[in-house]
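Here's my sequence, what's the structure:
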Amino acid sequence: MMEESRIVEQLRQTSIEFRELEESHHRLDAELAELHKRHVLTPQEELLKKQIQKEKLVKKDRMAAMIRAYRETQAHSSAT
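Just a heads-up that it's a prediction; the model follows:
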């Protein structure tokens, strides 16, 4: 079975969707870090923070699903 880091690297090289998800996830992470630097957030900033967190989670879940699918495909092809 391939290590997750090797699967991630393979997906980066072969999947535009995975690369876009990863780049978007990193961008959202940076936006969230900027919000965390503030001592007090306005109600609008709190809402934005929650939206960013949800969007990050959706992207992370999709990347995890792609990793699982890749792993299953590899396991199936090596079993046959």
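
Could you use CA atoms for every contact and neighbour count after this?
OK.

wait, what's in contact with Met2?
By C-alpha atoms under 8 Å, 6 or more residues apart in numbering, the contact set of Met2 is Arg71.

Repeat that for the one 4 residues further on.
With contact taken as C-alpha under 8 Å, 6+ apart, Arg6 is in contact with no other residue.

what kind of secondary structure is it in?
Here Arg6 is helix, with the state taken from DSSP: H, G, I helix; E, B strand; the rest coil.

Name the surrounding residues that touch stretch 54-62.
Leu21, Glu22, Ser24, His25, Leu28, Asp29.

scratch that, stretch 7-20 is what I was asking about
Met63, Met66, Ile67, Tyr70, Arg71.

okay, which residue is most central for the protein?
Within the chain, one residue has its C-alpha closest to the average C-alpha position: by C-alpha atoms, centre = their mean, that is Lys60, at 3.1 Å.

Against Ile67, how distant is it?
Distance, Lys60 to Ile67, by C-alpha to C-alpha, to the nearest Å: 11 Å.

Common neighbours of these two, please.
Contacts common to Lys60 and Ile67, judged by C-alpha under 8 Å, 6+ apart, are absent.

Including neighbour count, distance to Lys54 and secondary structure, could the contacts of stretch 7-20 go into TSV?
Shown next, in TSV, are these (neighbours: other C-alpha atoms under 10 Å; distance: C-alpha to C-alpha, whole Å; DSSP: H, G, I helix; E, B strand; the rest coil):
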residue	neighbour count	distance to Lys54	secondary structure
Met63	20	14	helix
Met66	18	19	helix
Ile67	19	20	helix
Tyr70	17	24	helix
Arg71	17	26	helix
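
CA-only coordinates of stretch 65-73 in CSV, if you can.
The C-alpha coordinates for stretch 65-73 follow below in CSV (Å, rounded to 0.1, in the frame of the first residue of the first chain):
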residue,chain,number,x,y,z
ALA,A,65,-12.0,11.3,-0.7
MET,A,66,-9.7,11.5,-3.8
ILE,A,67,-6.9,10.0,-1.8
ARG,A,68,-9.1,7.1,-0.6
ALA,A,69,-10.4,6.5,-4.2
TYR,A,70,-6.8,6.5,-5.5
ARG,A,71,-5.7,4.1,-2.7
GLU,A,72,-8.7,1.8,-3.5
THR,A,73,-7.9,1.9,-7.2
